[in-house]
Each structure stands twice: as C-alpha cells, then as structure tokens.
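[1] heads up, no residue letters with this:
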C-alpha cells in the first residue's frame, strides 16, 4: 500500500474531511491535555523544583548563621570580659585615688598654713588627675552600647 | 468504499497525537523522579539540620544567658563606680 500525499493544493478542509471523526476528537482532547500540561502541571512542577531549591538554600543559610553565631559568641564573650576587667581596674584606680586624696587632705588639715603654695600646687595636680579620670570614664560610657543613659557625676575639687 | 483510517491524513493525525502524548510522558517521567530525588535529598538535609539545631539551640540559649550575666556584672560594676564617684563629691 503506498501513501500518496498531494502537496499541490493543500486544503485544510479536505485534510480535515478525510480524517476519521474519532481521531478528530482524540486530537482535540490531546491538544487540551497538552495545553493543560503546559499551563498547570509543568508550572506546578517548576514551582516544586524552585521551592525545593529555596529549601536547600535555607538549610545552607541556617548552617552559615550558626557558624556566624559561633564567631559572634566568642567575640562578644571576649569583649564583655575585657570591659569587665577594664571597669574593675578603673574602680580600683578610683578607690586608690580616693584614699590618696583623703590622705592629702589630712596632710593639709594637719599642716595649717605651712607650705600653702606647695599644697595648692599638689591640689591642682590632683584636680587634673580627677579630670583625666573623669574624661577617660566618660569616653568608656560613650563607647559602650547600652551605657549611654548612665550618668556619672564627678565634682572637681575647687582651688 | 475508502477506509478513512488508512488515509495519509489519519496517519499524520495519529502521529501528531502520539507525539503529543510521548512528549508529555517523557517530560513528566523525567521531571517527577527529579522532584522526588530532590525532595528526598532535602528531607535528609532537613533531618540533619534538625538534629544539629537540637544540639545547638541549648548552646545558643546558654550563650545568651552567659552574655546577660556578663552585662549584669558590667551594670553592677558601673553602679559601684558611680557610687564611688558619688563619694568623691
């Protein structure tokens, strides 16, 4: 049996007329199915694939976050310890200065008017020390997050 | 009478229909196993992550508690320092 397709005058109507009716319906159904496949099923599959991909990325990001937290934990812990040590040292220094001030005041009270200029000069030096200490402390308070609201009152000794 | 099923038109139409279904079948059978494979992979990764987080979350909690303690100590130190400065007035 030979298949003879005439290409001289192709007519879609003639082509369609000679196709069995059942095949016509099957072809229409197939076209509907392929359209549905491309518009819905394929789209859903692609959505699933992209969703799985984003889940993978999310898992990787979580691992990265945990790694970053480890670094943060170590750095923050170290920083907190350093601040504590610094504050403790500062406190000791203030205490020492307080003690030495009291001693010097006692000396002034005991000395009466003797060597008044010398004592005034020493008091000036003491005031400067307090001023430096106060400035250093205020800088720490400014640098520390969360310490901004704490106010430190330091009153200088007047000449 | 001409048998319509053996005409070239019928054969071409049948071929078109077959091609459509073969394409859908091949595409569908190549995509679905990929989705299934990826899904299983993600499931495994998710379970691993879940186990990892079960270990890490208590550590993270304890870290925050430790940091909170350190900050409390700092506050305490600043309070004492304030008091000392107050005594200097």
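    Here it is on my side, so go on. The structure displayed is predicted, hence computed values, not measured ones. Numbering: from 1, shown residues only, chains lettered A, B, ... in the order given.

[2] can you name the residues that contact residue B:83?
    Neighbour list for residue B:83: empty [criterion: CB atoms under 8 Å, 6 or more residues apart in numbering or on different chains]. All C-beta spots, glycine's among them, are computed from the backbone N, C-alpha and C.

[3] ok, now residue B:87?
    Residue B:87 neighbours (CB under 8 Å, 6+ apart): residue A:98.

[4] in what helix or strand does it lie?
    Using DSSP states H and E, residue B:87 falls within helix B:8-88.

[5] pLDDT on that helix, on average?
    Taken as a whole, helix B:8-88 carries a mean pLDDT of 89.

[6] same thing with stretch A:47-66?
    93.

[7] which of the residues in that stretch are buried?
    A:48, A:52, A:55, A:59, A:66 (16 or more other CB atoms under 10 Å in any protein chain shown).

[8] now the two most distant members of these.
    Longest distance between any two of the buried residues of stretch A:47-66 is 27.4 Å, between A:48 and A:66; criterion CB to CB.

[9] run the angle between the lengthiest helix in chain A and helix B:8-88 for me.
    Counting by DSSP state H, the longest helix found in chain A is helix A:42-111. Helix A:42-111 runs at 10 degrees relative to helix B:8-88, counting by axes from the mean of the first three to the mean of the last three CA atoms, to 10 degrees.

[10] what packs against helix A:42-111?
    Counting contacts by 3 or more CB pairs under 8 Å, 6 or more residues apart in numbering or on different chains; DSSP states H and E, helix A:42-111 packs against helix A:116-143, helix B:8-88.

[11] which stretch among these comes nearest residue A:78?
    Per CB to CB, nearest to residue A:78 of those: helix B:8-88, 10.4 Å.

[12] what is the orientation angle of the closest one with helix A:116-143?
    Using the same axes, to 10 degrees: helix B:8-88 against helix A:116-143 is 160 degrees.

[13] distance between helix B:8-88 and the chain's centre?
    4 Å (CA atoms, centre = their mean, to the nearest Å).
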